[in-house]
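Q: Okay, here's the prediction I keep looking at, along with the sequence it came from:
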Protein chains: 2
Amino acid sequence: MKKSFGAKILAFPAPVWCVGTFDRNGKPNVMTAAWAGICCSKPPCVNVSLRKATYTYGSLMGKKAFTVSIPSENYAGEADFFGIASGRDVDKFEISGLTPVKSELVDAPYVNEFPLVMECRVIHFHEIGLHTIFIGEILDVKITREVLSQDTNLPDLLKLKPITFAPEIRTYHGLGEVLGHAFDLGMPLHLKNEA
Amino acid sequence: MKKSFGAKILAFPAPVWCVGTFDRNGKPNVMTAAWAGICCSKPPCVNVSLRKATYTYGSLMGKKAFTVSIPSENYAGEADFFGIASGRDVDKFEISGLTPVKSELVDAPYVNEFPLVMECRVIHFHEIGLHTIFIGEILDVKITREVLSQDTNLPDLLKLKPITFAPEIRTYHGLGEVLGHAFDLGMPLHLKNEA
């Protein structure tokens, strides 16, 4: 039996991604977005949604470029702070002690201490309502060597330790144990049909 | 020191959401999407991206309606199967033994056994490249009563047990332990500035 909650944001999980931009004076800023995700494989694209009231909105509209820096668990406090304060009022890099690095591919800075960064150029945006969705083509993904698996040359998630967010409940979570592999877990059902 | 991976989808975490649609003959279908997320608070909206080649793409374009059913960990196999098979070839509800329920709000079915469902009408779509992004306005969220917290009347994530997906690495994960609360973890840094 299901209970109806009406038209609400109650959807899990959401990512914790930190969106880096330069303002019109070239000051680096970063804000945390959970209304975000992957939206295309070719070209590889991510989407982030911003309220017009945010300082990042104006910077992103101006430069048509942004980065996404993915924090590891040990930077959960900094990531949360990036979602509380506004770059209009403060220098979030200075306060947090983290280091902005200017991308060589797009006119935006990323967070050097975070283990994975994406450099993106805006290829589309659409004003939905309170939020505007921006679609960014990923020009490069850079990953800290220390979090790479020696075997696969892909990130080792036990080292990368990305964070997820539970909207409305407002908790941050680490990744839990591996439940299985894609295109593997569902194979018994798939083969059952073919048998 | 960071290593460059080029223009790739290497972003974590992604959700595991099952998109329900009716085809032109009214046959219920469901496919798993990880290129998806939340994209607006007012109106509350989610986005899902689909390849044109999927059977769901045509159904969703036809009806301009879909549901998102969020599986719990114990349905990881079914969710993976929903991403392997095509509704063009098989009846995924019949094979999995799960139950399609026709939404009373939109012309689309949801998965009755999954603990959380969203009923959505398409308000915008944009062809990016291989994928088309669909923005759906959430008309209602329905949650199985057994996964609700008695205290908060919100979902208890230890009961709901949503799944996350790691692109490229192709592992499914449960949610890990709580790292802290939003607008709380970052407060020391925020107050440091005001001191």
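A: Everything's here; your move.
Q: rest of the way, CA atoms for contacts and neighbours
A: Fine.
Q: any idea how far the top strand by length along chain A is from the chain center?
A: When chain A is parsed with DSSP state E, its longest strand is strand A:131-144. When C-alpha coordinates are averaged (C-alpha atoms, centre = their mean, to the nearest Å), strand A:131-144 and its chain have centres 8 Å apart.
Q: contacting residues around whichever helix or strand comes after that strand?
A: Downstream of strand A:131-144, the first helix or strand assigned by DSSP states H and E is helix A:157-160. Contacts with helix A:157-160, where a contact means C-alpha atoms under 8 Å, 6 or more residues apart in numbering or on different chains, come from A:72, A:115-116, A:146-148.
Q: Could you tell me which of those count as buried?
A: Neighbour counting with 16 or more other C-alpha atoms under 10 Å in any protein chain shown marks A:72, A:115-116, A:147-148 as buried within the contacts of helix A:157-160.
Q: Contact partners for A:Phe114?
A: By C-alpha under 8 Å, 6+ apart, the contact set of A:Phe114 is A:69-72, A:75, A:144.
Q: what about stretch A:4-11 and chain B, touching?
A: Yes: using C-alpha under 8 Å from any C-alpha of the partner chain, we find that stretch A:4-11 touches chain B at A:4-11.
Q: Let's see which of the residues you listed end up in strands.
A: A:Ser4.
Q: List the ones among the residues of stretch A:4-11 next to chain B that fall in helices.
A: Secondary structure assignment (DSSP state H) places none of the residues of stretch A:4-11 next to chain B within helices.
Q: any idea how far A:Met31 is from A:Phe22?
A: Note on A:Met31: its distance to A:Phe22, by C-alpha to C-alpha, to the nearest Å, is 11 Å.
Q: next one: A:Pro43
A: 24 Å.
Q: out of these two, which sits in the more crowded spot?
A: A:Phe22 (23 against 18; other C-alpha atoms under 10 Å in any protein chain shown).
Q: ok, so what distance separates that one from chain B?
A: Separation of A:Phe22 from chain B (C-alpha to the nearest C-alpha, to the nearest Å): 21 Å.
Q: what's the nearest residue to that residue if we skip its chain neighbours?
A: Distance criterion C-alpha to C-alpha, 6 or more residues apart in numbering or on different chains; nearest residue to A:Phe22, sequence neighbours excluded, is A:Pro28 at 4.5 Å.
Q: if I look at that neighbour, how far off is chain B?
A: 17 Å.
Q: Report the contact partners of that residue.
A: Contacts of A:Pro28 by C-alpha under 8 Å, 6+ apart are A:20-22, A:91, A:93, A:100, A:108-109.
Q: Over to A:Ile128?
A: Residues in contact with A:Ile128 (C-alpha under 8 Å, 6+ apart) are B:40, B:43.
Q: Could you do the one 5 residues further on as well?
A: A:Ile133 is in contact with A:47-50, A:125-127, B:39-40, counting by C-alpha under 8 Å, 6+ apart.
Q: rerun at 10 Å
A: A:35-36, A:47-51, A:124-127, B:38-40, B:47, B:135 (C-alpha atoms under 10 Å, 6 or more residues apart in numbering or on different chains).
Q: so what's it bridging to?
A: A:Ile133 forms beta bridges with A:Ser49, A:His126, as assigned by DSSP bridges.
Q: show me where pLDDT drops low in chain A?
A: Where chain A drops to pLDDT under 70, the residues are A:195.
Q: can you map out the strands along it?
A: A:2-4, A:14-15, A:17-22, A:28-33, A:36-40, A:45-51, A:65-70, A:100-102, A:109-111, A:116-127, A:131-144, A:164-166, A:171-181.
Q: Report the strands that pair with the shortest one, each with its relative direction.
A: If I follow you right, that is strand A:14-15. Sheet pairing of strand A:14-15 (DSSP bridges) gives strand A:164-166 (antiparallel).
Q: quick check, nearest of the contacts of A:Pro28 to A:Gly174?
A: Nearest to A:Gly174 out of these is A:Gly20 (C-alpha to C-alpha; 22.4 Å).
Q: So what sits opposite the closest one in the bridge?
A: A:Val30, A:Thr67.
Q: again with A:Gly37
A: The partner list for A:Gly37 in beta bridges (DSSP bridges) reads A:Asn47.
Q: Identify the residues contacting it.
A: Counted by C-alpha under 10 Å, 6+ apart, A:Gly37 has contacts A:14-17, A:45-49, A:135, B:11-15, B:34-39, B:47-48.
Q: residues touching A:Thr99, list them.
A: Residues counted as contacts of A:Thr99 (C-alpha under 10 Å, 6+ apart) are A:28, A:92-93, A:109-114.
Q: The same query, at a cut-off of 8 Å, please.
A: Residues near A:Thr99 by C-alpha under 8 Å, 6+ apart: A:93, A:111-113.
Q: ok, the nearest residue to A:Pro109 once chain neighbours are set aside - how many residues close by?
A: Distance criterion C-alpha to C-alpha, 6+ apart; nearest residue to A:Pro109, sequence neighbours excluded, is A:Lys102 at 4.3 Å. A count of nearby residues for A:Lys102, using other C-alpha under 10 Å, gives 18.
Q: roughly how far apart are A:Lys102 and A:Phe22?
A: 9 Å.
Q: Identify the contacts common to these two.
A: A:108-109.
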